[in-house]
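Peer 1: Turn this into a structure:
(chains A and B)
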Protein chains: 2
Amino acid sequence: MANDEFDSSDSVRTGRPLAHARTLTFPGPWTLECGGRLPEVTVAFETYGALNADRSNAVLICHALSGDSHVARHHDQDDPGWWDIAVGPGKAIDTDRYFVICPNVLGGCRGSTGPNSIHPETGQPYGPAFPLITIGDIVNVQQRLIAALGIDRLLAVIGGSLGGHMALTWATRFPDQVAGTVAIATSPRLTSQALAFDVVGRNAIMQDTGYQSGRYYDQEPGPRVGLAIARMLGHITYLSREAMMEKFDSDRLRPRDVATQFETKFSVGSYLAYQGDRFGERFDANSYITLSMAMDLFDMGATKDQLVSSIRSARSRWLVISYTSDWLFPPFQSQEIVDALLGTNQSVSYCNVVSSCGHDAFLLPNELETYGGLISGFLANLNGTTGDSNVLGSHGPHNPTSIFHNPQRLDYHTMADLIPEGASVLDLGCGNGGLLALLRSRGHRRLMGIELDEAAVVNCVRRGLDVVQADLNHGLANYADGQFDVVVLSQTLQTVIDVRTVIREMLRVGRRGVVSFPNLGYFKLREQLAQHGRAPLVALGGGSRWYETHNVRFLTIADFEEFCRDHAITIHEQVALDTENGRRITDDPNLNADLAIVMLSR
Amino acid sequence: MANDEFDSSDSVRTGRPLAHARTLTFPGPWTLECGGRLPEVTVAFETYGALNADRSNAVLICHALSGDSHVARHHDQDDPGWWDIAVGPGKAIDTDRYFVICPNVLGGCRGSTGPNSIHPETGQPYGPAFPLITIGDIVNVQQRLIAALGIDRLLAVIGGSLGGHMALTWATRFPDQVAGTVAIATSPRLTSQALAFDVVGRNAIMQDTGYQSGRYYDQEPGPRVGLAIARMLGHITYLSREAMMEKFDSDRLRPRDVATQFETKFSVGSYLAYQGDRFGERFDANSYITLSMAMDLFDMGATKDQLVSSIRSARSRWLVISYTSDWLFPPFQSQEIVDALLGTNQSVSYCNVVSSCGHDAFLLPNELETYGGLISGFLANLNGTTGDSNVLGSHGPHNPTSIFHNPQRLDYHTMADLIPEGASVLDLGCGNGGLLALLRSRGHRRLMGIELDEAAVVNCVRRGLDVVQADLNHGLANYADGQFDVVVLSQTLQTVIDVRTVIREMLRVGRRGVVSFPNLGYFKLREQLAQHGRAPLVALGGGSRWYETHNVRFLTIADFEEFCRDHAITIHEQVALDTENGRRITDDPNLNADLAIVMLSR
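Peer 2: Residues are numbered from 1 along each chain as shown, chains lettered A, B, ... in the order given. Okay, the predicted model is just below:
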């Protein structure tokens, strides 16, 4: 990651833990997943906050490739940690509420056993003798640490990038020990493109004549040039093109004045030279090779089936976060994780946070309000609480009380009445989760929403609802046939372009579908066109004048009935409402109702 | 570029031209743009086809970073060239019609003067003494070559990537010597991201201990490792993520068996190692540094104003092509070129070709039908011909004859009648260019279309029309106020979401606007809703049933009139048509017309 705020370069050579870190050493021999062995394993870690009496508030944070145990400052005068913006008293990961543990990873160079550690038998650094390790090995060490701290079950495991690979591994390997998993800017395995960048970086290190096959600890400068080149390259991949443009485009030929052996003709070059040089002071080349290789070997599967099979064992609730401009761990990979979780009926929320900051977005303050809000909302709703009932009081346009008692929401109650008791429900276009919250209050347990709007997704998560951000026009390909008892499309049909796909998919995924839509046949609308020669002003569903309405499809109840006939869809029940007067319509609904609610199936 | 099909490694060391190349040497001293000097300049080039009697059919092709003079094969047994798919008898750049010239660039290593050339005074290779050069220097040499061949004016200059920078420079530096400019997968200057990759690549070469400050010609292996790493990195940037996934994702742990010193654990790694090693055999590291630096220094401006000022001097017609998955020279950069051309009232066509092949797409056969069709259509319409009148006979759904004589196209003739004689016209959503072709046949000279559909854009170019691919919903920000006499929105209004932006923009860019739209007030449509309770089936403009129509906005003539009143828009003329019966309607048009045509202004 690009976070270079802190530095303690001596630990790179000595492998000593950072100032606030404690260490625990577990005697071996440890047999590793690729067959290697370690005579013992030391883990350096820092903790924040206090473990509560029933030991149920522990949160494990897993750092990324170049991170360490110092996730946040311990006091005002302390060095800021790599995620200081998100971890601390009153912050998204609130150390007043949670006991936060952050260990340096196995294979790292900041106090945990790694290539720069002294081999207890030889008295020399491991160097090239350090074995090939996997993310599984890293997580096994973390699990031993957690057990040693007397914690049976983590409230949550949280990690971004490489740390996300650890979170995924925790959830699937130790399913009974994780209540919530937060996987940020991560992937089921690297793209071939990301893998290729790692390969080039390792080649640059290992071909550096200073690398000496990894035995460089007693020789200056070691593979500093190769490591700097790997870091420069990595750094480019952590930033988005937009972020780089903003940083360097206006003064591209005014480089910073840095003392370096690297090219500094362009301002971006001087910046990369600086980052590359500094990284060589604070990170160990063998650790870089070890950890990047562990990341490259991480693989939950190439196909959906393989991924489903890898993730099936998990039992936690999940929060998956990606960033729109992250091209190293692109959003579609987070969506693959979400799809596999959906495919195994797990409880998951997902948001693709709009950001121009690239992969580094999860370390930066720019979108903290969104991703921090998601994380804090998710954490607050673990352990069986049922969400922040006042979410919309502060964030939504309406007070939730008014929504539920407003006769306008007669449609919600009508739909809730139609839905069988205890049925599992997927709400397509769930907004702030009003209908889902109503269903939860009626005792429904398996509830889930799909919503496109980012703020609405955050509101749902704060309410403790499972919500996946997605565009309905792209279908529901990753939901299984009959996965829900009922799929709801509440005043959303008229806003989607591809009506046939949406309806076909809802009736594939739901055993029943419930659709509500404004009725263009309503007599007042007919009058507007017939008598006044004006386009009907459909008031419901984001309605307003022809050129500014969110509605893009216009249909009458009769049109919808014909559509169902033509597409072999059965209508089981139909309720027509006059929402202006808050009553049901039974007499000629196509003329007298302004809203139709229909229960369907294939 | 990734095209590695041919090889003649000895020329890298000797600087000898390729088998079919001729050379011309221009005595110096040549003073270069950054102040350097060359005692003489040799240019190696190959030609294809024959120069016609009036010397008006010469096409100059500019190669990219690692290309050379051998653009295509000269006979069946010849080595294929780097653009063999596009250049040859009957191909997109038809050597039966055009006299094609492809020179190796100044600074290259395939016969033209470059760092591996022998300095005439010292008898040694230039090496690090080879001066800093610019794209301008490269183009100056090309211009001397063209003059020496007796050509006063090129029919076209064509180049992709770095070659595109040359095409841009040709058009602006020698405006009277270029009839048509084809700029492919290129940019006004590199993004900071692309620049950063170049910097890392050069650092890898120059920090290689074999580089010896550039004096490595008499030492093996020279900076082969650094050059290979630069090439691996470059190679990643030439491919798209999708293309890499397709190539490597299914067998990522099954590397090819290549003899190399580089990492080959992963299949993508073995591929990069192979590409890196081969590149070192066929390319000179000093040339790589020289040419990548020339590319990095190329700069037509950071702002729109600077770019406009750089491009203002050009006089050619333009074809600009980008590829959707090209992230090294991303499409927005081609659009910046197009915007600057529009801002200076130049004749330009633009297409962002849908491709998953990344930057390399312009060298690959996958999208050749599209980009080759654009190039051949563009070339065929230079020199004052007026296009392929039979375009739609073979490619469109209708025969053009039927379109123009079909009473359905009464609307075109009505609009054409409304438009003042000789007016300049921009047609928003121009489709296959039917209305524009009609206007051209009536003597209008400045005509231009905007269209989203790729196939329609190709058809317009084949017809010799200027067309820019764009989404109207994003506005016309890059057109000047009052740039056209008339802007037309023909049966497109009802398909755009953001009506206000589109109308506001059309009346900013056009002194007058002409809008045609289907009238929802037409009595047959009213009846459908009022009497039958069915959504009106608007037949015009891609009309069909409510769930499959392309129309997303529904309005009556009265609605549009109100819209104009509310937005302070003046209606100058209004023609209402009954297109079913092919007649004008004057009696209660909002009831009796199915199509309205309105001339507007602010």
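Peer 1: Quick one: name the residues of the stretch 501-602 of chain A near chain B.
Peer 2: A:520-521, A:525-527, A:529-530, A:532-536, A:546-548, A:552-559, A:563, A:590-591 (C-beta under 8 Å from any C-beta of the partner chain). Quick note: C-beta positions are derived from backbone N, CA and C, even for glycine.
Peer 1: Please enumerate the helices of the stretch 351-500 of chain A.
Peer 2: With DSSP state H, counting those that start in this stretch, the ranges of helices along the stretch 351-500 of chain A come out as A:368-380, A:391-395, A:400-405, A:410-418, A:434-441, A:454-462, A:499-509.
Peer 1: same thing with the stretch 501-602 of chain A?
Peer 2: Going by DSSP H, counting those that start in this stretch, the stretch 501-602 of chain A shows helices at A:523-530, A:557-566, A:589-592.
Peer 1: Check the stretch 1-150 of chain A too.
Peer 2: Going by DSSP H, counting those that start in this stretch, the stretch 1-150 of chain A shows helices at A:10-14, A:135-148.
Peer 1: What separation is there between A:Arg565 and chain B?
Peer 2: To chain B, A:Arg565 is 13 Å away according to C-beta to the nearest C-beta, to the nearest Å.
Peer 1: Least confident secondary structure element in chain A?
Peer 2: Least confident helix or strand, chain A: helix A:400-405 with a mean of 35, by mean pLDDT, DSSP states H and E.
Peer 1: circling back: how about the helices of the stretch 501-602 of chain A, which one is nearest A:Met206?
Peer 2: helix A:557-566 (63.1 Å; C-beta to C-beta).
Peer 1: List the buried residues in that closest one.
Peer 2: A:557-561, A:563-564 (16 or more other C-beta atoms under 10 Å in any protein chain shown).
Peer 1: One more: stretch A:356-375?
Peer 2: Residues of stretch A:356-375 classed as buried by neighbour count (16+ other C-beta under 10 Å): A:356-364, A:367-368, A:370-375.
Peer 1: could the helices of the stretch 501-602 of chain A be laid out in TSV, adding mean pLDDT?
Peer 2: Shown next, in TSV, are those (pLDDT from 0 to 100):
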stretch	mean pLDDT
helix A:523-530	96
helix A:557-566	97
helix A:589-592	97
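Peer 1: want to throw the ones you listed into a markdown table with distance to A:His74?
Peer 2: Formatted as a markdown table, the helices of the stretch 501-602 of chain A follow (distance: least, C-beta to C-beta, whole Å):
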| stretch | distance to A:His74 |
| --- | --- |
| helix A:523-530 | 65 |
| helix A:557-566 | 62 |
| helix A:589-592 | 66 |
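Peer 1: So for chain A, which residue is the most central one in space?
Peer 2: Closest to where the C-alpha atoms of chain A average out (C-alpha atoms, centre = their mean) is A:Ile321, at 1.6 Å.
Peer 1: any idea how far chain B is from that residue?
Peer 2: According to C-beta to the nearest C-beta, A:Ile321 and chain B sit 20 Å apart.
Peer 1: doesn't A:Gly373 make contact with that residue?
Peer 2: No. In this structure, A:Ile321 is not within contact of A:Gly373 by C-beta atoms under 8 Å, at 10.7 Å.
Peer 1: ok, back up a step: quick check: which of the helices of the stretch 501-602 of chain A is nearest to B:Ala230?
Peer 2: The nearest among the helices of the stretch 501-602 of chain A, by C-beta to C-beta, is helix A:557-566 at 59.0 Å.
Peer 1: So which residues make contact with that closest one?
Peer 2: A:499, A:503, A:515, A:517, A:519-521, A:555, A:569-571, A:574, A:576, A:589-590, A:593, A:596, A:598, A:600, B:532-535, B:545-547 (C-beta atoms under 8 Å, 6 or more residues apart in numbering or on different chains).
Peer 1: Please pick the buried ones from those.
Peer 2: Buried, going by 16+ other C-beta under 10 Å: A:499, A:503, A:515, A:517, A:519-521, A:555, A:569, A:574, A:576, A:589-590, A:593, A:596, A:598, A:600, B:533-535, B:546-547, out of these.
Peer 1: Domain ranges for chain A, per the record?
Peer 2: As given by automatic domain parsing, the domain ranges for chain A are A:11-152, A:157-186+A:305-379, A:190-296, A:391-601.
Peer 1: looking at those domains, which one has the lowest mean pLDDT?
Peer 2: Mean pLDDT values for the domains of chain A show the minimum at domain A:391-601, a mean of 88.
Peer 1: rewinding a little: tell me which of the helices of the stretch 351-500 of chain A sits most buried.
Peer 2: Mean neighbour count (mean count of other C-beta atoms under 10 Å in any protein chain shown) peaks for helix A:454-462 among the helices of the stretch 351-500 of chain A, with a mean of 24.
Peer 1: between that helix and helix A:368-380, how big is the angle?
Peer 2: 20 degrees (axes from the mean of the first three to the mean of the last three C-alpha atoms, to 10 degrees).
Peer 1: May I have helix A:454-462 as CSV, with CA atoms only?
Peer 2: The C-alpha atoms that make up helix A:454-462 are tabulated as CSV, following Å, rounded to 0.1, in the frame of the first residue of the first chain:
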residue,chain,number,x,y,z
GLU,A,454,-25.0,3.9,-2.5
ALA,A,455,-26.5,6.0,0.3
ALA,A,456,-29.5,3.6,0.4
VAL,A,457,-27.1,0.6,0.7
VAL,A,458,-25.3,2.2,3.6
ASN,A,459,-28.7,2.9,5.3
CYS,A,460,-29.8,-0.7,4.9
VAL,A,461,-26.5,-1.9,6.4
ARG,A,462,-26.9,0.5,9.3
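Peer 1: Tell me the helices and strands packed up against it.
Peer 2: strand A:348-353, helix A:368-380, helix A:391-395, strand A:447-451, strand A:467-469 (3 or more C-beta pairs under 8 Å, 6 or more residues apart in numbering or on different chains; DSSP states H and E).
Peer 1: Tell me if I'm right that A:Gly269 and B:Val199 touch.
Peer 2: Yes. At 4.1 Å, A:Gly269 and B:Val199 qualify as touching, with contact defined as C-beta under 8 Å.
Peer 1: and for the two, which residues touch both?
Peer 2: In contact with both A:Gly269 and B:Val199: A:Glu263, using C-beta under 8 Å, 6+ apart.
Peer 1: Quick check: A:Asn286 is in a helix.
Peer 2: Yes. Counting by DSSP: H, G, I helix; E, B strand; the rest coil, A:Asn286 is located in a helix.
Peer 1: which residues touch the nearest residue in space to it that is not next to it in sequence?
Peer 2: In space, and not counting its chain neighbours, A:Asn286 is closest to A:Pro115: 3.4 Å by C-beta to C-beta, 6 or more residues apart in numbering or on different chains. Each residue near A:Pro115 by C-beta under 8 Å, 6+ apart is listed here: A:107, A:109, A:125-128, A:130, A:214, A:284, A:286-287, A:289-290.
Peer 1: could those residues go into CSV alongside neighbour count?
Peer 2: Listed next are the contacts of A:Pro115 as CSV, based on neighbours: other C-beta atoms under 10 Å in any protein chain shown:
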residue, neighbour count
A:Gly107, 29
A:Cys109, 28
A:Pro125, 24
A:Tyr126, 22
A:Gly127, 20
A:Pro128, 14
A:Phe130, 23
A:Gly214, 21
A:Asp284, 29
A:Asn286, 28
A:Ser287, 25
A:Ile289, 26
A:Thr290, 24
